[in-house]
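Enquirer: What follows is a predicted protein model with its sequence.
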Amino acid sequence: MKAKKTIPGTEDQARLTPKPWDYSCYLLLELKKAIDSIIAKESKSLTESPRTSIPVVLDFGCGTRPYEPLFLEKSFQYVGADLYGNQRADIQFAPDERLALDDASVDVVFSSQVLEHVRDVDGYLHECRRIIKPGGLLLLSTHGFWTYHGYPEDFCRWTFYGLKNVIEKIGFRIDNMIPCVGPLAYTTHLRTQLIRGFLYKFVPFSLPLIGLTNILSSLLMPLEDYVTPRQVKYENAAVYVVEARKKAAGYVR
């Protein structure tokens, strides 16, 4: 069978180290920067606290585990969990069942671009809360606004305040929300997406031209984010990265 060619930047391995000609390069770099900053801060905090064990991070919906190196670099024990069928997951589970982990057994739950694909958002966040130790970290990223992408299903988008509300009502305290890619830059991203799709479908030998289009987009989007007012970006980001703490006491489901 002839191998199917791929549009530059759609491969999942590009998520951690995207190239300028990759699709979504600027977004992925901003997302990585935000995630890495929170990991570094958490690592420092845990290092400064008396410990008898290596801190454990659970990647809840790990996919191909693209962010695993960021945690290993900071001396976390990394565990990947995903639905049955993902052979790269250390723990596999069905959508309606609990993880095979004890209550309050991990220091960090990491969830990157998973929440929008979850049917039962409250159930997923309750499970995050169940397995995190009191005072532990939920590090989560998901879409503010984005085009539909059914991998395999796509259900939700959030405003800044809507995402804050849905996480806080489960029993987390949000310490920080980092917006990635404001509305002006996202319009360039969307146009690039439409252009590359057209070129791929209708123009022969279009991959170099698609790569060039992606490079121009990667150069323009940071400038557009720079001129976007801070509050506008906060309230209208394409992706939000959330740093939240499990409340130590006083919460009952």
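Expert: Perfect, thanks for sending it.
Enquirer: When you work out contacts or count neighbours from here on, use the C-alpha atoms and nothing else.
Expert: OK.
Enquirer: what secondary structure does residue 57 sit in?
Expert: strand (DSSP: H, G, I helix; E, B strand; the rest coil).
Enquirer: Listing request: residues of the stretch 151-253 of the chain with sub-threshold pLDDT.
Expert: Along the stretch 151-253 of the chain, the parts satisfying pLDDT under 70 run over 249-253.
Enquirer: One more pass at 90, please.
Expert: For the stretch 151-253 of the chain, applying pLDDT under 90 flags the ranges 151-152, 247-253.
Enquirer: List of residues touching the helix or strand harbouring residue 35?
Expert: Element membership of residue 35 [criterion: DSSP states H and E] is helix 25-48. Residues outside helix 25-48 that contact it (CA atoms under 8 Å, 6 or more residues apart in numbering): 9, 15-20, 55, 70-71, 74-76, 139, 178, 180-181, 214, 218, 221-222, 239, 241, 243.
Enquirer: Buried ones in the helix or strand hosting residue 199, by neighbour count?
Expert: Assigned by DSSP H and E, residue 199 falls within helix 183-202. For helix 183-202, a neighbour-count test (16 or more other CA atoms under 10 Å) marks 183-186, 188-189, 192-193, 196, 199-200 as buried.
Enquirer: Let me know the angle separating it from helix 25-48.
Expert: Interaxial angle, helix 183-202 versus helix 25-48 (axes from the mean of the first three to the mean of the last three CA atoms, to 10 degrees): 120 degrees.
Enquirer: Tell me which helix or strand comes right after helix 183-202.
Expert: helix 207-227.
Enquirer: got the CA positions of that following helix in CSV?
Expert: Once non-C-alpha atoms are left out, helix 207-227 reads as follows in CSV (Å, rounded to 0.1, in the frame of the first residue of the first chain):
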residue,chain,number,x,y,z
LEU,A,207,4.7,20.6,0.1
PRO,A,208,7.5,23.2,-0.3
LEU,A,209,4.9,25.9,-0.8
ILE,A,210,3.0,24.8,2.3
GLY,A,211,6.2,24.9,4.3
LEU,A,212,6.9,28.4,3.1
THR,A,213,3.4,29.5,4.1
ASN,A,214,3.9,28.0,7.5
ILE,A,215,7.2,29.9,7.9
LEU,A,216,5.6,33.2,7.1
SER,A,217,2.8,32.5,9.5
SER,A,218,5.4,31.6,12.3
LEU,A,219,7.1,35.0,11.7
LEU,A,220,3.9,37.1,11.6
MET,A,221,2.0,35.6,14.6
PRO,A,222,4.5,36.8,17.3
LEU,A,223,4.2,40.3,16.0
GLU,A,224,0.5,40.2,16.1
ASP,A,225,0.5,38.9,19.7
TYR,A,226,2.9,41.6,20.6
VAL,A,227,0.5,44.4,19.5
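Enquirer: Name the residues that touch the helix holding residue 199?
Expert: Residues contacting helix 183-202 (CA under 8 Å, 6+ apart): 7, 23-24, 206-207, 209-210, 213-214, 217, 220-222, 224-225, 228, 232-233, 236-238.
Enquirer: Quick one: buried ones out of those?
Expert: Here, 16+ other CA under 10 Å leaves 7, 23-24, 207, 210, 213-214, 217, 221-222, 224-225, 228, 233, 236-238 buried among these.
Enquirer: for residue 110, what are its contacts?
Expert: Here residue 110 is in contact with 57-60, 138-140 (criterion: CA under 8 Å, 6+ apart).
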